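Novice: Fold the following for me, if possible:
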Amino acid sequence: MLLAAVAAADPGSNGGMTVEEAIQLGEEFGIAVGEVDEEVQKELKLQRPEGVAVFEVIGNSRADYAGIKVRSVIKEIDKKEVRNLIDFGKAVKLAMKECNFTVGTYEPADPGDPVGWGVNFHFVGCKRD
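Specialist: Numbering: from 1, shown residues only. Below is the predicted model of the structure:
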């Protein structure tokens with residue numbers, strides 16, 4: 001509640017974006033997202049709890065067509081750094097207005113790949129009807 005009061009007192013601090021709106025924008029893009037907390041950080045062996053974790057990819061969505069994977073962490077959208085849900089919301093809101101954009105993720109490799117985790121860039125094309 002304190003965080004909401006701070007955000008209300010200084011709406012410019014987050015560009016008017018709320019966590020709820022960011023989550024809704026993620027769903028419009030085709031993913032269920034959440035903050036990278038300590039548990040996710042440990043599971044994915046991240047140095048810092050930054051980025052946005054992908055918990056679900058909705059079939060036949062722009063995110064699905066772009067190849068974004070469950071358990072990946074979104075680190076940037078169209079060259080804009082994503083450190084948290086507010087950054088994600090602002091970046092994806094702008095990007096979805098465009099026909100094409102990129103999403104940079106840190107993600108698990110395919111099973112059996114000895115390299116493990118890696119950075120990947122996904123091309124998101126125009127919305128399909």
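Novice: where does this structure have its least confident helix or strand?
Specialist: helix 2-9 (a mean of 37; mean pLDDT, DSSP states H and E).
Novice: immediately after that helix, which helix or strand?
Specialist: Next along the chain after helix 2-9, taking DSSP states H and E as the criterion, comes helix 19-29.
Novice: quick check: mean pLDDT across that next one?
Specialist: Helix 19-29 shows a mean pLDDT of 97.
Novice: and the next element down the chain from that helix?
Specialist: strand 31-35.
Novice: Point out where this structure drops to low pLDDT.
Specialist: For the chain, the stretches with pLDDT under 70 are 1-14, 108-117, 128-129.
Novice: which residue ranges form the strands in it?
Specialist: Remark: strands assigned in the chain by DSSP state E are 31-35, 52-57, 73-77, 80-81, 101-108, 117-124.
Novice: and the shortest one, how far out from the chain's middle?
Specialist: Average the C-alpha atoms of strand 80-81, do the same for its chain, and the two points are 11 Å apart (CA atoms, centre = their mean, to the nearest Å).
Novice: packing partners for that strand?
Specialist: helix 85-95 (3 or more CB pairs under 8 Å, 6 or more residues apart in numbering; DSSP states H and E). Backbone N, C-alpha and C define where each C-beta goes, glycine included.
Novice: so the helix it packs on versus strand 101-108, what angle?
Specialist: The directions of helix 85-95 and strand 101-108 differ by 140 degrees, with axes from the mean of the first three to the mean of the last three CA atoms, to 10 degrees as the criterion.
Novice: what inclination does helix 85-95 have with respect to strand 31-35?
Specialist: Interaxial angle, helix 85-95 versus strand 31-35 (the same axes, to 10 degrees): 150 degrees.
Novice: buried stuff in helix 85-95?
Specialist: In terms of neighbour count (16 or more other CB atoms under 10 Å), helix 85-95 has its buried residues at Leu85, Ile86, Asp87, Phe88, Gly89, Lys90, Ala91, Val92, Lys93, Ala95.
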